[in-house]
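Chemist: Sharing a sequence plus its predicted fold:
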Amino acid sequence: MRKWTPLTAICVGAFMLLVDASIVNTALPEMSEDLHSTFTALQWVVDVYALTLAALLMVFGSLGDRLGHRRLYLAGLAAFGLASLVCALAPGAGTLIAARAVQGIGGAAMMTSTTALLNTAYQGRDRGTAFGVWGAVNGAAAAAGPVLGGLLTQQFGWRSIFLVNLPVAALAGWLTVRRLAADPARTARPAGRFDLPGAAAFTLFAAALTYGLIESGERGWTDPLVLAVLAAAALALAVFTTVELRTAHPLLDLGLLRNPAFAGLAAAGLLLSAAAFAQLTYTGLWLQQVLHLGPLSAGLAVCPLAAAAFVTAPLGTRLLRGAPPRLPIALGLALIGTGTLLLALVSSGSDWTALLPGLLGTGTGVGLATPQMMSATLATVPRERAGMASGAFNTARQLGYALGIAALGTVFQRTLRDRDGAGPRHAYAAALDHVYLTAGAAGLLAAALVVLLVRRPAAAAPAPQPAVVVEERSPQPS
């Protein structure tokens with residue numbers, strides 16, 4: 001059994017960082033009451049973690065080759081654990097948001113290291129087993145987040161959802177030091193300089209765009225601060241594009257985006273996260289603040305999405321084996337769009353069961369589309385660009401979640417303000433309707449992009465290294 005200790009070290013850390021993407025959702029109402037925080041602050045508690053995770057995935061992927069993946073994993077664990085302690089002790093929303101950002105930094109360092117560590121620790125059949133267990137843990141983390149958050153919040157208070165990370169991080173760190181081989185001595189650095197200007201410009205772009213979207217809900221689109229921040233985002237994107245076109249060793253080869261299939265799949269991945277998962281934050285607020293469900297009950301109420309995805313993924317893969325990848329991807333995205341639109345059945349008189357048809361449809365779509373998206377993406381690029389392509393795709397997925405929370409939060413908040421005189425149940429129902437319609441449109445748009453741009457069945461790509469293949473199972477928060 002000792003040979004599986006490295007797998008345990010990696011999976012314990014991966015479970016922790018992925019659970020924390022959604023564990024706060026069911027704690028938000030209690031958190032808001034205790035800290036006397038605004039709606040915008042609530043958005044940032046969820047979104048800043050996803051944002052820093054998305055913005056730094058490609059950065060840490062490049063740094064791992066230079067610094068060593070074991071070293072980077074341990075540094076990420078330490079940062080994540082210390083930030084969790086600060087979150088638990090936070091006296092106000094500002095401190096909590098800042099600590100959540102540091103959690104995201106640690107999470108990005110850990111996420112980019114896990115597959116490389118598995119690839120080094122195991123060979124042959126053991127490697128396939130390790131990757132399979134790692135993927136199952138990812139799926140379990142996505143499903144467990146809302147329920148675990150609800151259970152801890154209901155029994156021990158919202159601060160416990162962060163305190164529980166401390167022994168988990170300590171265990172993962174101890175196992176890593178004891179059982180994972182040290183990084184090999186490097187006789188030469190990777191070719192080329194690290195693309196620091198590109199990394200800084202991309203991080204600024206993502207942060208400014210998300211900030212502008214969140215603040216627009218409270219301030220309005222014509223507010224000078226919102227306009228200035230969105231202009232800064234556009235400028236940062238222009239700088240990033242210029243840098244990547246001119247540097248010899250870019251963070252992202254923009255030539256990949258000239259491939260319609262790659263660009264379509266990356267855009268579809270971004271929209272999938274926004275459509276399927278970002279709306280759950282506002283669904284959770286409705287369940288607790290309007291229906292007055294406890295945190296645990298609210299977490300269980302949204303579990304049908306994760307359950308449907310868990311059942312559909314292996315079944316769909318088996319039934320559609322041999323079909324062109326764009327078929328299950330487009331069908332899954334269409335189901336995500338349709339399922340999210342069905343969530344608009346929620347009315348002022350609904351209870352939590354009104355969510356079931358939409359959650360089951362959305363989860364079925366996630367189970368169909370997600371397993372195929374990464375392999376289809378890798379099949380559109382040359383072998384030597386597989387690592388960069390997988391990093392870009394995973395960044396798009398995480399960024400879609402962050403931007404989705406921000407954009408849907410603006411829709412939610414403005415509708416609540418417009419319907420303020422209608423009473424909380426009517427106002428919440430109307431706000432959720434607009435959120436679900438927006439998210440559903442994003443899902444259907446993603447399906448259309450796949451149909452239009454992924455014109456040919458993806459050719460069988462040269463077999464990538466397992467460290468690349470397993471990244472297709474990098475989960476999204478649910």
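Modeler: Now that the structure is in, tell me what you want to look at.
Chemist: For G423, the count of nearby residues, please.
Modeler: 11 (other CB atoms under 10 Å). All C-beta atoms are positioned from the backbone trio N, CA, C, and that covers glycine.
Chemist: what's near enough to touch it?
Modeler: The neighbourhood of G423, defined by CB atoms under 8 Å, 6 or more residues apart in numbering, consists of S348.
Chemist: Give me the neighbour count for V12.
Modeler: Using other CB under 10 Å: V12 sits among 18 other residues.
Chemist: quick one, phi psi at it?
Modeler: phi -60, psi -50 (degrees, to the nearest 10).
Chemist: where in the stretch 301-450 of the chain is pLDDT low?
Modeler: 384, 386-387, 421-422 (pLDDT under 70).
Chemist: Tell me where it has helices.
Modeler: Secondary structure of the stretch 301-450 of the chain by DSSP state H, counting those that start in this stretch: the helices cover 303-319, 326-342, 356-378, 386-418, 424-453.
Chemist: among those, which is nearest G349?
Modeler: helix 424-453 (7.7 Å; CB to CB).
Chemist: just checking, what packs against the closest one?
Modeler: Helices and strands touching helix 424-453, as assessed by 3 or more CB pairs under 8 Å, 6 or more residues apart in numbering; DSSP states H and E, comprise helix 260-276, helix 280-289, helix 326-342, helix 356-378, helix 386-418.
Chemist: coming back round to it: now the helices of the stretch 301-450 of the chain in CSV, with mean neighbour count and distance to F156?
Modeler: What follows is the helices of the stretch 301-450 of the chain, written out as CSV (neighbours: other CB atoms under 10 Å; distance: least, CB to CB, whole Å):
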stretch, mean neighbour count, distance to F156
helix 303-319, 18, 21
helix 326-342, 25, 33
helix 356-378, 25, 27
helix 386-418, 24, 26
helix 424-453, 21, 28
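Chemist: Select, out of those helices, the one closest to L56.
Modeler: helix 386-418 (9.0 Å).
Chemist: from what I can see G212 touches A233, true?
Modeler: Yes: G212 lies in contact with A233 (CB atoms under 8 Å); the separation is 6.1 Å.
Chemist: Between the two, point out the one with more neighbours.
Modeler: For the pair G212 and A233, the greater number of neighbours falls to G212 (24 against 20), based on other CB under 10 Å.
Chemist: Need the three-state assignment for the more buried one.
Modeler: Classification of G212 by DSSP: H, G, I helix; E, B strand; the rest coil places it in helix.
Chemist: nearest to T114, of the helices of the stretch 301-450 of the chain?
Modeler: Using CB to CB, the helices of the stretch 301-450 of the chain put helix 386-418 closest to T114, at 11.9 Å.
Chemist: Tell me what angle the closest one forms with helix 260-276.
Modeler: If you take axes from the mean of the first three to the mean of the last three CA atoms, to 10 degrees, helix 386-418 sits at 40 degrees to helix 260-276.
Chemist: Which secondary structure elements does helix 386-418 sit against?
Modeler: helix 39-67, helix 196-219, helix 260-276, helix 280-289, helix 356-378, helix 424-453, helix 466-469.
Chemist: Let's have those helices in CSV, adding distance to S348.
Modeler: Putting the helices and strands packed on helix 386-418 into CSV (distance: least, CB to CB, whole Å) gives the following:
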stretch, distance to S348
helix 39-67, 20
helix 196-219, 22
helix 260-276, 24
helix 280-289, 11
helix 356-378, 17
helix 424-453, 4
helix 466-469, 47
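Chemist: between those helices, which gets nearest to G299?
Modeler: helix 280-289 (7.9 Å).
Chemist: follow-up on the earlier one: which of the helices and strands packed on helix 424-453 sits closest to A309?
Modeler: Nearest to A309, of all the helices and strands packed on helix 424-453, is helix 356-378, at 4.1 Å by CB to CB.
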